[in-house]
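**Student:** Build me a model from this:
(one chain, ligands or ions: 1)
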Amino acid sequence: MTFDVVASTERFHPGSSDLSLGKIYMFLWALLFSSSMKVKPLSDVLIKDGTIVTMDPKRRILKDGYVAIEKGRIMDLGRSGKIRAEYKSAEEVIDASGKAVLPGLISGHTHAALTLLRGLTDGMRLDELTRKWLWPFESALRPEDSYVAAQLACLEMIKAGITCFADMHFNMEDVAKAVQDSGLRASLSVAIMDQGDVPLTSEEAVRQNEDLVNKWHQKAGGRITCMFGPCTVRTASAELFLKTRRLASRHKVGIHLHLSEVEEDVKFTQDHFNKRPVKYLNDLGVLGPDVLAAHCVWLNDAEMRILKRAKVNVVHNPTSNMKSSAGIARVAEMIALGINVGLGVDAAVCNNTLDMFWEMRVASLIQGISQMHPGQLSPEKALEMATMGNAKALGIENEVGSIEVGKKADLILVELKQPHLTPLVERPKSNLLSHLVYAISGRDVDTTIADGQVVMRHRNVLTLDEAKVLRKAEETLYKVLDRSGIATRTRKSG
Ligand SMILES: [Zn+2]
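**Tutor:** Numbers count the residues shown, from 1 in each chain. I've put the predicted structure just below:
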């Protein structure tokens, strides 16, 4: 995919050919806005004089561009010299000179509550980490703890330019409340299990997730959507997967699961069902275009073909996979095969930082080293994975993932006038996208807008009390650790 850097553009006109449902939807929004403009010729927010990286189908980058936002949606964009007079009286005018304006980044796979365990589990494989830390921690985690932990995750994500994330864990109603308060967008699922030491039947497990769907799907002004979250092939029975598939289809929501993250997952289904995990789930009828499969590290060629045929969305978590020595997913090959691949930060317990800029960089670099050949995953592709790839994985690609008229206004402004981003040139080629993936970090994000609302301005988060969230997070961690017995055990063994 090539990026066109253009000096100007025109208002959105849907092409007469290739009229996808998404384009028709956006066109209807544009019509609605143009008729409402006659009554109230104002936009709520006007961003002007920025470099707009649209991630639209033509991958246009607009120099000296503007974006006008009304009622949470993008109503217009174009060249700043041609801003319509009525937009200039917007309630808030944001000067984006010297800044890049990007679609808000999306994390396609996250466990917000596990942010509390940041930096405590280094040097462990997934199964050891799960046994020694996750299970005791999670069994001691109360709903109010999940709320505090999710607030911390939301705070970190806002500051790193993440406007939307797919989350799977427990106490998800409290995570939903934190998302609602933060102003972010999220797709939430309960990590449902009925195997091992889990004291739930498949019926009880799916009911928890169905309750979440009933209470929170399309809530918080539509910012929260829900999915079903059968955790892994080792912790969810075939019965649970089947029930999940039925309910997800009935509620018209997606399925979010971990798939072949570690070799033990493959050994498990081969031992129990004489099949590899992808074939096992496909034979159960679980797989489909509404499935978000996180990790997919241990896939063979046949499994990749099944995922392609079933139109499953894969979400790659390279830092987490590297840190736990899980392996390197064959992402470049999956993309070449035509599989939609997104990107996620997973959890701070196994990544340490919720920074999608970092994740894009690692995703690109790790594919190069796995093939011993650079350029396997270009900066353009990494950015696409973090925006449109994830939007599609969450089933909301008609709403977010790019800067286009009619879409929700999830946008971030990144400060470009900095030593580590200089020189920024256009000859002999533009190096902007290279900087966005290889040189920028989440700390370079200046402003974050979610659903048309400014949630961070000049690095000040407006929806959460930063000092209070940081203090509460540390207090909460100590309480959960004391309750779980982890702290005592660690002191004895340490
Ligand atoms: Zn995970």
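**Student:** so who does T387 touch?
**Tutor:** By CB atoms under 8 Å, 6 or more residues apart in numbering, the contact list for T387 reads M55, L102, P103, L105, I106, G401, S402. (Each C-beta comes from the backbone N, C-alpha and C, glycine too.)
**Student:** Got phi/psi on the fifth one?
**Tutor:** In terms of degrees, to the nearest 10, the main-chain angles of I106 are phi -120, psi 130.
**Student:** now swap in the first one and tell me
**Tutor:** Dihedral angles phi and psi of M55 (degrees, to the nearest 10) take the values phi 60, psi 20.
**Student:** and the end-to-end length of stretch 231-242?
**Tutor:** Taking CA to CA, to the nearest Å, the first and last residues of stretch 231-242 lie 13 Å apart.
**Student:** Show me the contact partners of it.
**Tutor:** Outside stretch 231-242, the residues that reach it (CB under 8 Å, 6+ apart) are 168, 191-196, 198, 202, 205-206, 230, 244, 257-259, 261, 264-265, 268-269, 277, 280-281, 284-286.
**Student:** run the last query once more with 7 Å
**Tutor:** 191-196, 198, 202, 205-206, 230, 257-258, 265, 268-269, 277, 280-281, 284, 286 (CB atoms under 7 Å, 6 or more residues apart in numbering).
**Student:** Show me just the buried residues among those residues.
**Tutor:** 191-195, 202, 205-206, 230, 257-258, 265, 268-269, 277, 280-281, 284, 286 (16 or more other CB atoms under 10 Å).
**Student:** Which of those residues fall in strands?
**Tutor:** Residues of the buried ones among the contacts of stretch 231-242 located in strands (DSSP state E): A191, I192, P230, L257, H258.
**Student:** what's across from the fourth one in the sheet?
**Tutor:** In this structure, L257 bridges to A293 when assessed by DSSP bridges.
**Student:** And it, how far from A332?
**Tutor:** Distance, L257 to A332, using CB to CB, to the nearest Å: 23 Å.
**Student:** same check, this time on the second one
**Tutor:** Separation of I192 from A332 (CB to CB): 32 Å.
**Student:** The third one now?
**Tutor:** Separation of P230 from A332 (CB to CB) stands at 28 Å.
**Student:** repeat for H258
**Tutor:** 21 Å.
**Student:** before we move on, what about N300?
**Tutor:** 16 Å.
**Student:** Among the ones in strands among the buried ones among the contacts of stretch 231-242, which one sits closest to D451?
**Tutor:** A191 (26.0 Å; CB to CB).
**Student:** Kindly confirm my reading that I440 forms part of a strand.
**Tutor:** No. Going by DSSP: H, G, I helix; E, B strand; the rest coil, the assignment for I440 is coil, not a strand.
**Student:** Let me see the contact set for it.
**Tutor:** So I440 contacts F357, V414, L421 (CB under 7 Å, 6+ apart).
**Student:** what are the ranges of the strands in the stretch 151-300 of the chain?
**Tutor:** With DSSP state E, counting those that start in this stretch as the criterion, the stretch 151-300 of the chain has strands at 162-169, 185-192, 224-230, 254-259, 291-295.
**Student:** Just put those in TSV and tack on mean pLDDT and distance to K177.
**Tutor:** Compiled in TSV, the strands of the stretch 151-300 of the chain are given as follows (pLDDT from 0 to 100; distance: least, CB to CB, whole Å):
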stretch	mean pLDDT	distance to K177
strand 162-169	98	13
strand 185-192	98	11
strand 224-230	98	10
strand 254-259	98	20
strand 291-295	98	23
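**Student:** follow-up on the earlier one: quick one, which of N300 and A332 is more surrounded?
**Tutor:** A332 (22 against 14; other CB atoms under 10 Å).
**Student:** For S80, see how far away the more buried one is.
**Tutor:** 38 Å.
**Student:** swap in G222?
**Tutor:** 30 Å.
**Student:** Out of the strands of the stretch 151-300 of the chain, flag the one nearest L432.
**Tutor:** Between those, strand 162-169 lies closest to L432; by CB to CB that is 20.2 Å.
**Student:** Does anything pack onto that closest one? Which helices or strands?
**Tutor:** Contacts defined by 3 or more CB pairs under 7 Å, 6 or more residues apart in numbering; DSSP states H and E place strand 162-169 against strand 105-110, strand 185-192.
**Student:** Out of these, which one sits most buried?
**Tutor:** Burial of the helices and strands packed on strand 162-169 is given as mean neighbour count (mean count of other CB atoms under 10 Å); strand 105-110 ranks first at a mean of 30.
**Student:** average pLDDT for it?
**Tutor:** Mean pLDDT, computed over strand 105-110, is 98.
**Student:** which is the next helix or strand following it?
**Tutor:** Downstream of strand 105-110, the next assigned helix or strand under DSSP states H and E is helix 126-129.
**Student:** can you pull the contacts of the spatially most central residue of the chain?
**Tutor:** Per CA atoms, centre = their mean, the C-alpha nearest to the average position across the chain is that of S107, at 1.8 Å. If a contact means CB under 7 Å, 6+ apart, then S107 has I162, F165, A166, G344, V345, L354, M356 as its contacts.
**Student:** and stretch 222-239, which residues are buried?
**Tutor:** Applying 16+ other CB under 10 Å to stretch 222-239 flags 223-238 as buried.
**Student:** which strands and helices sit next to the host helix or strand of K468?
**Tutor:** Using DSSP H and E, K468 sits within helix 466-484. Packed against helix 466-484 by the contact rule (3+ CB pairs under 7 Å, 6+ apart) you find helix 135-140, helix 143-159.
**Student:** V45 - how many residues pack around it?
**Tutor:** 22.
**Student:** do you know how far K479 is from D465?
**Tutor:** 20 Å.
**Student:** more neighbours, these two?
**Tutor:** K479 (15 against 12).
**Student:** pLDDT value on that one, please?
**Tutor:** K479 is given a pLDDT of 96.
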